[in-house]
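Colleague: this is a predicted model, with the sequence first.
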Protein chains: 2
Amino acid sequence: MKWVKIFSPATIGNIGPGFDVLGLAVKGFGDVIEARVIDDGIVISSINPDTGISKDPKKNTAGIAASEVLKILGANGGIELKINKGIPPGSGLGSSAASAAASAFATNYLHGNKLSKEELILPATKAEEAVSGDFFADNTAPALLGGATLTRSCVPLDVTKIGSIDKLKIILVTPKITVLTKDARKILPKEVPIKNFVNNMANSCLISTAFAKNDYGLFARSLNDTVIEPVRSKLIKGFDVVKKNALAAGADGMTISGSGPTVFAITDNAQKAQYIKTVMIETFYEQGVESSGIVTEVDPIGTRIIK
Amino acid sequence: MKWVKIFSPATIGNIGPGFDVLGLAVKGFGDVIEARVIDDGIVISSINPDTGISKDPKKNTAGIAASEVLKILGANGGIELKINKGIPPGSGLGSSAASAAASAFATNYLHGNKLSKEELILPATKAEEAVSGDFFADNTAPALLGGATLTRSCVPLDVTKIGSIDKLKIILVTPKITVLTKDARKILPKEVPIKNFVNNMANSCLISTAFAKNDYGLFARSLNDTVIEPVRSKLIKGFDVVKKNALAAGADGMTISGSGPTVFAITDNAQKAQYIKTVMIETFYEQGVESSGIVTEVDPIGTRIIK
């Protein structure tokens, strides 16, 4: 049977204040899955050994997503997957979501291509849930659709693709720190003071407007999170000083990607972006934390065939 | 000296879930202010006597807004205002904000027209604050700019005009009930459960996206407020059954305008809108509450010269 090769990009969950609502696909990292139809069952025949991710299709978001899609399609036959992870697991860049999205896309494509990308969000998110324990589409939706997405409701799932910002430069810096999503959720507040509720809502509305209008100027003012960042940033050693220095270096905002530890800063100036990246990495280093970084931009397309 | 005649529209504060953030200008009601330059001071020479609103310029949002604008301009001379209120005070339709907006606009226009509409939001909102005790631009901003607006921050004031939705039909129904804004603020929760925080943020993001894209289909899904409506609706006798019947009659959503008592429902069908209006008024009547209603649409322009 013929192989197909699918790419799914890294994603920034929350986009700062938009906790569990907003998500953004970015260029520069992504998972690649090669897939082909087989007679029966789901087989993960290879995965990068250094990731430590199980090849058991019931313990792997790619395997579970494939299973969910086959169920929806009522398809005969199975699928074989070779997973090439380009997104480090546990980085806060939607690593498990990218595998789920790529696998859901591949499985649908090879079994009649009856589902839209929008319809693949549900099985991909179910796969995320099976592994993380929580049902949230803020990584799976942008991984599939590209650009910035908005989850209005999880049950029933209601996702909208908002749009993109062409001028946006994103500085992604990943410190060598382990932050488990489960731990990052455990420390969340159960209640939010109404002032902070209004603040995060207002900034998230401005982010939505910015992506809907492709307007960097609006986005530049909106990366302000008074609900989640103050709590989760404590899990990232050096966060406060890195943020301070990134802003001093000219970034229009800096916050955590998803549950971290990756942080991201924004600008619309490519040269400044390189300088900001250097400053952030050096500042982490001064705080005793090694890190790596790239300057990237929005991936407006999302999951796609690359061969 | 020459008179100028300024119109400022009624506004829906919050637009449902977007508490203290979103606002929307609507056609059908508005305040009209006639103004002319005088040698000195601020004089309110007439106002509809039935409104019970003071002609003392220090106790009236129109007078205070004029004073604030003169202060910013460093202008010599004063202004005389004749106020014709078309928006019933205490209706939840931004009555005091419309007077403040019209007066701020008139004063600037007659004294050199140096300020933009955006720059008039601050003095108009200061006038609102002087009367209501709280500084919020969710009525003054849409009254001035038209369409849907977003207040990202009050201090410093940061307001964005999002856009409009051409197809939107708004059913405004005002029950004969008195709800004081101060009372409606007193009963607000101090803390918001994180689930409701996420829900209102998600719906508000979708409202922002809908107005940015002029997309009724998105707005139709987004009028869901789990934070403010459950509390404030208790001040409006019959609210729950009116909402139930409005939705059964085909409305895509119904909630409170600002702090009430006016409620509004939405559809994109003009005929259906008339039917929904009738159902809402009849239902209020069955609950022992008299009400009046109109079917209207977005005012995309905001405050303007009409003569």
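Modeller: Received the coordinates, thanks.
Colleague: cross-check the contact I'm expecting between A:Leu81 and A:Ile33.
Modeller: Yes: distance between A:Leu81 and A:Ile33: 5.6 Å, which falls inside the contact criterion (CB atoms under 8 Å). In this view, the C-beta of every residue, glycine as well, is placed from N, C-alpha and C.
Colleague: quick one, which of those two is more surrounded?
Modeller: Each of A:Leu81 and A:Ile33 had its neighbours counted (other CB atoms under 10 Å in any protein chain shown), and the higher figure belongs to A:Ile33 (31 against 28).
Colleague: got any residues that touch both of A:Leu81 and A:Ile33?
Modeller: Counting by CB atoms under 8 Å, 6 or more residues apart in numbering or on different chains, the common neighbours of A:Leu81 and A:Ile33 are A:62, A:103, A:106.
Colleague: looking at the residues you listed, state which has the most neighbours.
Modeller: The most crowded member of the shared contacts of A:Leu81 and A:Ile33 is A:Ser103, carrying 36 neighbours; neighbours defined as other CB under 10 Å.
Colleague: which stretches in the stretch 51-200 of chain A count as strands?
Modeller: For the stretch 51-200 of chain A, the strands defined by DSSP state E, counting those that start in this stretch occupy A:78-84, A:148-153, A:158-163, A:169-175, A:191-193.
Colleague: any idea whether the residue of the stretch 151-300 of chain A at minimum distance from chain B is helix, strand or coil?
Modeller: With CB to the nearest CB as the measure, A:Ala212 is the residue of the stretch 151-300 of chain A nearest to chain B, at 3.5 Å. In terms of secondary structure, A:Ala212 is helix; the call rests on DSSP: H, G, I helix; E, B strand; the rest coil.
Colleague: so it versus A:Ser257, what's the distance?
Modeller: Counting by CB to CB, to the nearest Å, the separation of A:Ala212 from A:Ser257 is 21 Å.
Colleague: go on, A:Glu80?
Modeller: Distance of A:Glu80 to A:Ser257, given as CB to CB: 32 Å.
Colleague: and if you look at A:Met280?
Modeller: Distance from A:Met280 to A:Ser257, by CB to CB: 13 Å.
Colleague: where do the contact lists of these two overlap?
Modeller: With CB under 8 Å, 6+ apart, A:Met280 and A:Ser257 have common neighbours A:Val263.
Colleague: what about A:Glu80 and A:Ser257, which has more around it?
Modeller: More neighbours surround A:Ser257 than the other of A:Glu80 and A:Ser257, with 27 against 19 (other CB under 10 Å).
Colleague: ok, now which ones touch the more buried one?
Modeller: If you count contacts by CB under 8 Å, 6+ apart, then A:Ser257 has A:12-14, A:92-93, A:172, A:263-264 around it.
Colleague: from those residues, which has minimum pLDDT?
Modeller: pLDDT is lowest at A:Gly92 among those; the value there is 92.
Colleague: residues contacting it?
Modeller: Taking CB under 8 Å, 6+ apart as the contact definition, A:Gly92 lies against A:13, A:174, A:179, A:256-262.
Colleague: chain center to stretch A:112-120: distance?
Modeller: Computed by CA atoms, centre = their mean, to the nearest Å, the chain-centroid distance of stretch A:112-120 equals 20 Å.
Colleague: okay but A:Pro300 is in contact with A:Ile162, surely?
Modeller: No: taking CB under 8 Å as the contact criterion, A:Pro300 and A:Ile162 are not neighbours in contact, 11.1 Å apart.
Colleague: which neighbours do those two share?
Modeller: Taking CB under 8 Å, 6+ apart as the contact rule, the neighbours common to A:Pro300 and A:Ile162 are A:Gly147.
Colleague: give me the more crowded residue out of the two.
Modeller: Relative neighbour count places A:Ile162 above the other of A:Pro300 and A:Ile162, with 29 against 17, counting by other CB under 10 Å.
Colleague: quick one: that one and A:Ser208 touch, right?
Modeller: Yes: counting by CB under 8 Å, A:Ile162 touches A:Ser208, with 5.6 Å between them.
Colleague: and the lengthiest strand in chain A, how far out from the chain's middle?
Modeller: Secondary structure assigned by DSSP state E gives strand A:22-38 as the longest strand of chain A. Centroid separation between strand A:22-38 and its chain, computed with CA atoms, centre = their mean, is 10 Å.
Colleague: show me what the helix or strand just after it is packed up against.
Modeller: Once the chain leaves strand A:22-38, the next helix or strand it forms, by DSSP states H and E, is strand A:42-47. Other elements packing on strand A:42-47 under the criterion 3 or more CB pairs under 8 Å, 6 or more residues apart in numbering or on different chains; DSSP states H and E are helix A:61-73, strand A:78-84.
Colleague: quick one: strands adjacent to strand A:42-47?
Modeller: The sheet places strand A:42-47 alongside strand A:78-84 (parallel), with pairing taken from DSSP bridges.
Colleague: and the partner strand, how far out from the chain middle?
Modeller: The chain centroid and the centroid of strand A:78-84 are separated by 21 Å, computed with CA atoms, centre = their mean.
Colleague: gap between the spatially closest residue to A:Asp158 that is not a sequence neighbour and B:Ala137?
Modeller: Using CB to CB, 6 or more residues apart in numbering or on different chains and skipping residues adjacent in sequence, the residue nearest A:Asp158 is A:Arg152, 4.3 Å away. Here the criterion is CB to CB. By it, A:Arg152 lies 25 Å from B:Ala137.
Colleague: so those two - more neighbours on which side?
Modeller: Between A:Arg152 and B:Ala137, counted using other CB under 10 Å, B:Ala137 has the larger neighbour count: 28 against 23.
Colleague: could you list which residues are in contact with that one?
Modeller: Taking CB under 8 Å, 6+ apart, we find B:Ala137 in contact with B:23, B:121, B:125, B:149, B:151, B:154, B:157, B:159.
Colleague: thinking again about what came up before, pretty sure the residue of the stretch 151-300 of chain A closest to chain B contacts B:Leu206?
Modeller: No: with contact defined as CB under 8 Å, A:Ala212 and B:Leu206 do not form a contacting pair (10.4 Å).
Colleague: which parts of the stretch 151-300 of chain A sit against chain B?
Modeller: Listed as neighbours of chain B in the stretch 151-300 of chain A under the rule CB under 8 Å from any CB of the partner chain: A:151-153, A:158, A:160, A:162, A:188-194, A:197-209, A:212-213, A:218, A:221-222, A:227.
Colleague: hmm, try it at 6 Å
Modeller: When proximity is defined by CB under 6 Å from any CB of the partner chain, the stretch 151-300 of chain A lies next to chain B at A:152, A:162, A:191-194, A:197-198, A:201-202, A:204-206, A:208-209, A:212-213.
Colleague: need the max-distance pair from the contacts of A:Gly92.
Modeller: Of all pairs drawn from the contacts of A:Gly92, the one with the longest distance (CB to CB) is A:Gly13 and A:Thr174, at 14.2 Å.
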